[in-house]
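K.L.:
Attaching a predicted model along with its sequence, questions to come.
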Amino acid sequence: MIRKIITTTTFVLFSLHHCYSQLDANSVMGLPNASDDTEMNNVTGANEGSLLYNASQKNIFFFDGTNWISPSSLGSNIYSINGTLTGARTLNGGGNSLTFNNLNTFQVFTNTASQFFSVGAMQFSSTGSTIQMTGTLGVEINAVANGVTVNGNTSLSNNLSVTGSYADSSGNTGTNGQVLTSTVTGTQWSDANTPEVVNRTSNYTLTANDNSKVFTFSSASDLTLTVPSGLPIGFNISIYQTGTGRVTITGAAGVTVLNRLSRFRTAGQHAGAGLVSTSTNSFHLTGDLRL
C-alpha cells in the first residue's frame, strides 16, 4: 500500500513539473497595453472591471467605472506612498481635530493664491526658532476688527509705509503738525518745536526726559534745581521764577555749572534763565541771576 502511494505521488509531481516546464509565451494571457497614464486615462468606453497594463508604471490597473485604479494601491495611503489628486477634494473634519505631530518639515506649495480660514482664533507659533513669512511682492495682513497686535521688540530692515495713523501709548493719534516723542517708557504726541511747560512747586532733580522743557517755579519758598551727571551734551532747559521763592541751580557730584559772574540763583519773581550742557557733565547758566 505504501509503495502504491509513493508511486502515485511521484507520478503527480512529475506530471506537474512537466506541465509547468512546457509554458511559453503563447500559453499566458495578455492584457491591453497603455504606454503611460495619459494613454490610459484617454481610454473611452471601458466597462467597470476592465483591465489593462500601464507600461510606464509597470503595473496592472482596473477600471472602477470612473477611474483606473491599481490594485497595489488599495492597501496604501498618504502615509506610505506619494500620489496625485485627480480632482478637487474636500476634507470634512466633522467637528473633530486634526493634529500633526513630530514632523521634520511641513510644506504647502500651491500654483495660485492660498488661504487659511478660521472662525475662531488662528495661532502660528514656534518654540525653538523664528516664524518667517516671505512674499516676493510683499506680505499683506488684513485685520478687519481690532487690528494687529505685536508683543515684544520689533525690527524693520527696510522702509515702513503707513496709510493710517499712529497712536501713542495712550491711544491718542495726535493732531496735524504734531510729532511723536518718547517719554522713556512710552510715546506721546507733542506740538512740533513747541517745548513742554512744566510747573514745579518743590525741589527737583532733572532727568534726560526733561530736555528742551520749560520749567516754571511757582513756590513762595526758595527752591533748588539739581543737575545730575550723565545728561547728554546739548541738553537744555529754560527756567522761570513765577512765584516769590527764588530758584538755586546746582550741580550734583561730578557736575559743573558755570556762570561768568558766579551767579546761580534767579534774581526775583518773573526772572528767567537758560541752562545748556556744553560738554560732558559741564553746563553753562545764563540769564537774570544774582548772588
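P.N.:
Now that the structure is in, tell me what you want to look at.
K.L.:
Tell me which stretches of this structure form helices.
P.N.:
For the chain, helices defined by DSSP state H occupy the ranges 2-21, 37-41.
K.L.:
rank those by pLDDT, which is bottom?
P.N.:
Per-segment mean pLDDT for those reaches its minimum on helix 2-21, at a mean of 46.
K.L.:
Show me this structure divided up by domain.
P.N.:
Using automatic domain parsing, the domains assigned to the chain come out as 30-73, 197-290.
K.L.:
so how far is the first one off the chain centroid?
P.N.:
Translated: domain 30-73. Relative to its parent chain, domain 30-73 has a centroid offset of 48 Å by Cα atoms, centre = their mean, to the nearest Å.
K.L.:
before we move on, what about stretch 253-265?
P.N.:
Per Cα atoms, centre = their mean, the centroid offset for stretch 253-265 relative to its chain is 52 Å.
K.L.:
distance between the ends of that stretch?
P.N.:
Stretch 253-265 has an end-to-end distance of 19 Å (criterion: Cα to Cα, to the nearest Å).
K.L.:
Pull out the buried positions in it.
P.N.:
Neighbour counts over stretch 253-265 (16 or more other Cβ atoms under 10 Å) mark 255, 257, 259, 263-265 as buried. In this view, the C-beta of every residue, glycine as well, is placed from N, C-alpha and C.
K.L.:
got JSON lines for the domains of the chain, with distance to Phe109 too?
P.N.:
Formatted as JSON lines, these follow (distance: least, Cβ to Cβ, whole Å):
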{"stretch": "domain 30-73", "distance to Phe109": "21"}
{"stretch": "domain 197-290", "distance to Phe109": "52"}
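K.L.:
before we move on, back to that, what's the closest of the buried residues of stretch 253-265 to Ser72?
P.N.:
Distance to Ser72, by Cβ to Cβ, is smallest for Val255 among the buried residues of stretch 253-265, at 87.2 Å.
K.L.:
Let me see the contact set for the closest one.
P.N.:
227-229, 281-283 (Cβ atoms under 8 Å, 6 or more residues apart in numbering).
K.L.:
Format those residues as CSV; extra columns: distance to Leu289.
P.N.:
Output for the contacts of Val255, formatted as CSV (distance: Cβ to Cβ, whole Å):
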residue, distance to Leu289
Val227, 15
Pro228, 21
Ser229, 22
Asn281, 21
Ser282, 18
Phe283, 13
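K.L.:
List buried members of those by neighbour count.
P.N.:
Burial by neighbour count, judged by 16+ other Cβ under 10 Å, picks out 227, 281, 283 from the contacts of Val255.
K.L.:
pLDDT wise, what is the last one at?
P.N.:
Model confidence at Phe283, given as pLDDT, is 98.
K.L.:
what separates it from Val276, distance-wise?
P.N.:
7 Å (Cβ to Cβ, to the nearest Å).
K.L.:
if we can go back for a sec, looking at the buried ones among the contacts of Val255, which one is closest to Asn47?
P.N.:
Asn47 lies nearest to Asn281 out of the buried ones among the contacts of Val255, by Cβ to Cβ, at 98.4 Å.
K.L.:
ranking the domains of the chain by burial, who's on top?
P.N.:
The highest average neighbour count among those, using mean count of other Cβ atoms under 10 Å, belongs to domain 197-290 at a mean of 16.
K.L.:
tell me how far that one is from the chain's mean position?
P.N.:
47 Å.
K.L.:
So what would you say the end-to-end distance of it is?
P.N.:
24 Å.
K.L.:
Can you give me the pLDDT of Ser50?
P.N.:
pLDDT recorded at Ser50 is 92.
K.L.:
Contact partners for it?
P.N.:
62-63.
K.L.:
Roughly how far does it sit from Met40?
P.N.:
Applying Cβ to Cβ, the value for Ser50 to Met40 is 11 Å.
K.L.:
Going by contacts, tell me the helices and strands next to the longest strand anywhere in the chain.
P.N.:
In the chain, with assignment by DSSP state E, the single longest strand is strand 272-279. Strand 272-279 makes packing contacts with strand 236-241, strand 247-251, strand 282-287 when contacts are defined by 3 or more Cβ pairs under 8 Å, 6 or more residues apart in numbering; DSSP states H and E.
K.L.:
mind running it again at 7 Å?
P.N.:
In this structure, strand 272-279 packs against strand 236-241, strand 282-287, with contacts taken as 3 or more Cβ pairs under 7 Å, 6 or more residues apart in numbering; DSSP states H and E.
K.L.:
export the last one as CSV, just CAs?
P.N.:
Output of strand 282-287 as CSV, limited to C-alpha atoms (Å, rounded to 0.1, in the frame of the first residue of the first chain):
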residue,chain,number,x,y,z
SER,A,282,29.6,120.7,32.2
PHE,A,283,26.7,123.2,32.0
HIS,A,284,26.5,126.9,31.3
LEU,A,285,23.9,129.0,33.1
THR,A,286,22.8,132.4,31.8
GLY,A,287,20.0,134.8,32.5
